[in-house]
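Enquirer: Need a 3D model of the sequence below.
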Amino acid sequence: MAVGQGEFTHQKRPRSRGTVALLVLVAVGLTSGSWVITGPGDVRGELGQSVTVECQYGQEYRDNRKRWSKGDDYWSSSTVVSTDDPQRGRTSMTDNKIQRLVSVTIDNLEKSDEGLYWCMIESKRDSLLESPPISLKVSEGSRGITGPKEVRGELGQSVTVECPYGREYIDNRKRWRKGYFYQLSSTVVSTDHPRVGRTSMTDNKTERIVSVTIDNLEKSDEGFYWCEINILFNIAERTSFSFKVSDGSQTSRPDMVTTTLATIYKRALTTLPQNAPTTEAASSTESLGSILPNRDIVLNVRRVWGVLRWVLFGVLLLFPLSISCVTTFKRKKTAETLEMGSAVVEGGEEQRR
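Expert: Next up, the predicted model:
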């Protein structure tokens, strides 16, 4: 109708309804024909990681050549890969003709990969049919270290916990600690000592994930754990979570019987559900979780303790200094008293003379 109204404003005599309908159909046909291949509008990735972009096309273009081009405008863009040349450097292309889906993957993302991209199809009339522009943004990724909030396992089974970290900490020492309060926790394993008893640690520097596995789970493995990255002396980045071990007698769904429970930042932080307990042992496990302090309370206690320990450190540091000052002051006063006494005695002797 927009075309028809435009025509009406420039013509003294309005066109017939049939003419207006024809113009609308032509406009719709041109518009729909220009997007025979579609793709996402915005794509985001992280430095050093991989990203895959998928573009859907029509049934009639299954056997046509497809291109992946980069540039601000599709007519001036340059071809990166195509179905004839599907691999160039870090970029690769696949064409699934059954699902009519062309996929492009860029590995080991760099900042220079940012920009506008186009999925294109070469038609039989030597013309290019392009998708809407696809904007790729590359971020620096997550910083610090993250991990799950809660992990569950079964007696006698194994469990693996994964903690992703920022690329700035690739070469730093990682530690796995156990203890409800961080200051009172103890190191179980580290990248320097990756295996102790049933617990082992691996550090995947490519994906920036530190993984800890506990084999043959026991009830004593329950508790509060910390994934930690050592930065400088006693300064560290860390994240904490609780770990519970059940006896496996309660009714569980198939998706709960898993030896690996890894909930990480890049794969969406999730908390595995737990069905209602059906045995007395399971009830005791639930009651154990109910008597633990609230997580917010624990964090507040840790903050208060962090302040108090520096206050105590200052007191211990100032105590010997204050003792030294008091001793020096007393010695000085004693010396002054002796001098005054000597002066009085000398004055008395002079008067007697």
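Enquirer: now the stretch 251-353 of the chain, which segments are flagged as low pLDDT?
Expert: By pLDDT under 70, the low-scoring segments of the stretch 251-353 of the chain are 251-303, 306, 352-353.
Enquirer: could you pull out the strands for the stretch 151-300 of the chain?
Expert: Applying DSSP state E, counting those that start in this stretch to the stretch 151-300 of the chain gives strands spanning 159-164, 174-178, 186-190, 195-196, 199-204, 209-214, 223-232, 235-246.
Enquirer: quick one, domains of the protein?
Expert: Following automatic domain parsing, one gets these domains for the chain: 39-139, 150-275.
Enquirer: Now tell me what touches stretch 111-131 from outside.
Expert: Stretch 111-131 is contacted from outside by 34-39, 45, 47, 53, 55, 57, 61, 64-72, 74-75, 77, 80, 102, 104, 106, 133-138, using C-beta atoms under 8 Å, 6 or more residues apart in numbering. All C-beta spots, glycine's among them, are computed from the backbone N, C-alpha and C.
Enquirer: Would you mind measuring the gap between the ends of stretch 135-154?
Expert: Terminal residues of stretch 135-154 are spaced 46 Å apart (C-alpha to C-alpha, to the nearest Å).
Enquirer: How far off centre is it?
Expert: Chain-centre distance of stretch 135-154: 2 Å, with C-alpha atoms, centre = their mean, to the nearest Å.
Enquirer: quick one: average pLDDT of that stretch?
Expert: Computed over stretch 135-154, the mean pLDDT rounds to 84.
Enquirer: what does stretch 174-182 give?
Expert: Computed over stretch 174-182, the average pLDDT equals 91.
Enquirer: now do stretch 221-237
Expert: 86.
Enquirer: and what of stretch 190-207?
Expert: Average pLDDT, stretch 190-207: 94.
Enquirer: Straight-line length of stretch 56-72, end to end?
Expert: One end of stretch 56-72 sits 21 Å from the other (C-alpha to C-alpha).
Enquirer: Oh, that last question was meant for stretch 72-79, not what I typed.
Expert: Using C-alpha to C-alpha, the end-to-end distance of stretch 72-79 comes to 13 Å.
Enquirer: can you give me the helices in the chain?
Expert: For the chain, the helices defined by DSSP state H cover 2-10, 17-33, 280-291, 295-352.
Enquirer: Which other helices and strands does the last one contact?
Expert: Judged by 3 or more C-beta pairs under 8 Å, 6 or more residues apart in numbering; DSSP states H and E, helix 295-352 is in contact with no other helix or strand.
Enquirer: Now do that helix: distance to the chain's middle.
Expert: 51 Å.
Enquirer: And for stretch 221-234?
Expert: With C-alpha atoms, centre = their mean as the basis, the mean position of stretch 221-234 lies at 17 Å from the chain mean.
Enquirer: residues in contact with it?
Expert: Applying C-beta under 8 Å, 6+ apart, the set of residues contacting stretch 221-234 is 144-145, 147, 153, 161, 163, 165, 169, 172-180, 182, 185, 188, 210, 212, 214, 236-245, 288.
Enquirer: cool, stretch 307-323 as well?
Expert: Contacts of stretch 307-323 (C-beta under 8 Å, 6+ apart): Gln183.
Enquirer: what separates the residue nearest to Ile121 when sequence neighbours are not counted from Arg90, distance-wise?
Expert: With C-beta to C-beta, 6 or more residues apart in numbering as the criterion, Ile121 has its nearest non-adjacent residue at 4.5 Å, and that residue is Leu129. Distance, Leu129 to Arg90, using C-beta to C-beta, to the nearest Å: 26 Å.
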